[in-house]
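Student: structure, please.
(one chain, ligands or ions: 1)
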Amino acid sequence: MKLILLGPPGAGKGTQAKRLEESRGLKQVSTGDMLRAAVHDGTPLGLEADRIMKAGKLVPDGIMIDMIAERIGQPDCRRGVILDGFPRTVRQAEALDAMLASRSQGLDAVIEMVVDDAVLVERIAGRYSCAKCGAVYHDKTQQPKSPGICDVCGSKEFKRRPDDNPQTVQARLQEYYQQTAPIVPYYKQKGLLRQVDGMAQVDAVTRQIEAVLEGL
Ligand code: AP5
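Tutor: Numbers count the residues shown, from 1 in each chain. Next up is the predicted model:
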């Protein structure tokens with residue numbers, strides 16, 4: 001199965017992708033996580049991506065298309081993938097179609113998570129994650145069961161993303177509406193688009209996504 005989770009920054013793509021990994025045995029492929037790993041490793045791509053991400057802009061299409069083409073060909077993606085953060089432009093969407101077609105594959109669904117802007121800003125402002133395993137939390141809505149201890153790996157270290165600040169969030173939202181929103185009609189026209197109410201609580205969003213997948 002090949003799914004896209006589509007939505008603006010803070011819509012809950014990463015949160016739901018991790019749940020689908022566990023429930024469906026699919027692989028989460030997050031371009032944001034891949035870029036952050038490159039930044040952490042200090043590669044030439046990481047140095048370029050760091051500057052672009054901190055400005056809330058998009059990394060050039062050619063770089064992202066090559067990155068995904070290489071990633072989805074790896075063995076851990078054979079059982080299926082959840083694309084989280086890709087595609088982000090019509091050019092990326094077209095390139096994805098071409099790379100899947102060249103492997104005689106296609107997308108099963110594009111699930112758009114719809115959330116109001118004010119809620120997105122609130123979610124991003126409160127987001128933090130485990131420094132060891134990356135599990136995502138929120139200051140108000142999703143705290144670890146035992147305060148200060150990661151539910152998943154037991155680590156006591158947490159971190160916040162450098163692009164989760166008020167100025168960068170506004171730039172990221174602007175990029176989303178200008179560059180990414182046009183892929184909604186692109187997939188609608190192909191009959192692949194499904195919408196879920198991303199404003200609902202995390203469990204309720206998961207149930208909506210599972211219902212979409214059952215209906216495929
Ligand atoms: P990326 O890492 O993809 O970030 P994003 O799209 O901005 O999305 P986020 O990770 O911020 O949000 P999310 O939807 O995953 O929400 P989450 O589940 O964490 O990209 C970062 C940057 O990399 C881009 O700006 C760009 O520069 C570059 N980039 C990446 N891909 C690219 C591409 N293809 N092309 C070009 N450039 C690219 O949830 C957010 C918070 O809300 C959490 O705290 C969570 O606990 C909470 N939460 C989640 N769901 C709910 C809920 N239902 N109710 C209440 N709280 C919730």
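
Student: and the closest residue in space to Cys153 that isn't next to it in sequence, what does it touch?
Tutor: Spatially, and ignoring its direct neighbours in sequence, Cys153 is nearest to Cys133 (4.1 Å; CB to CB, 6 or more residues apart in numbering). Heads up, the C-betas are built off the backbone N, CA and C, glycines and all. Cys133 is in contact with 150, 152-153, 155, counting by CB atoms under 8 Å, 6 or more residues apart in numbering.

Student: just give the nearest non-adjacent residue to Gly25, would you?
Tutor: In this structure, Gly25 finds its nearest non-sequential neighbour in Arg79, 5.5 Å apart by CB to CB, 6+ apart.

Student: secondary structure class for the one you found?
Tutor: Look at Arg79: counting by DSSP: H, G, I helix; E, B strand; the rest coil, its state is coil.

Student: give me the number of residues near it?
Tutor: Counted with other CB atoms under 10 Å, residues neighbouring Arg79 total 11.

Student: show the pLDDT at it.
Tutor: pLDDT for Arg79: 92.

Student: which ones are touching it?
Tutor: Taking CB under 8 Å, 6+ apart, one finds 25-27 in contact with Arg79.

Student: now it: how far from Arg161?
Tutor: Between Arg79 and Arg161 the computed distance is 29 Å (CB to CB, to the nearest Å).

Student: just Val29 next, same as before
Tutor: Computed as CB to CB, the Val29 to Arg161 distance reads 18 Å.

Student: next: Pro44.
Tutor: Computed as CB to CB, the Pro44 to Arg161 distance reads 21 Å.

Student: higher neighbour count, the two?
Tutor: Arg161 (15 against 8).

Student: for the closest residue to that one other than its chain neighbours, what are phi and psi?
Tutor: Spatial nearest neighbour of Arg161, chain neighbours left out: Arg127 (7.2 Å); criterion: CB to CB, 6+ apart. Arg127 adopts backbone torsions of phi -80, psi 140, taken as degrees, to the nearest 10.

Student: and Arg127, what pLDDT?
Tutor: So Arg127 comes in at 96 (pLDDT).

Student: that one against Pro9, yeah?
Tutor: No. Taking CB atoms under 8 Å as the definition, Arg127 is not a contact partner of Pro9, at 9.8 Å.
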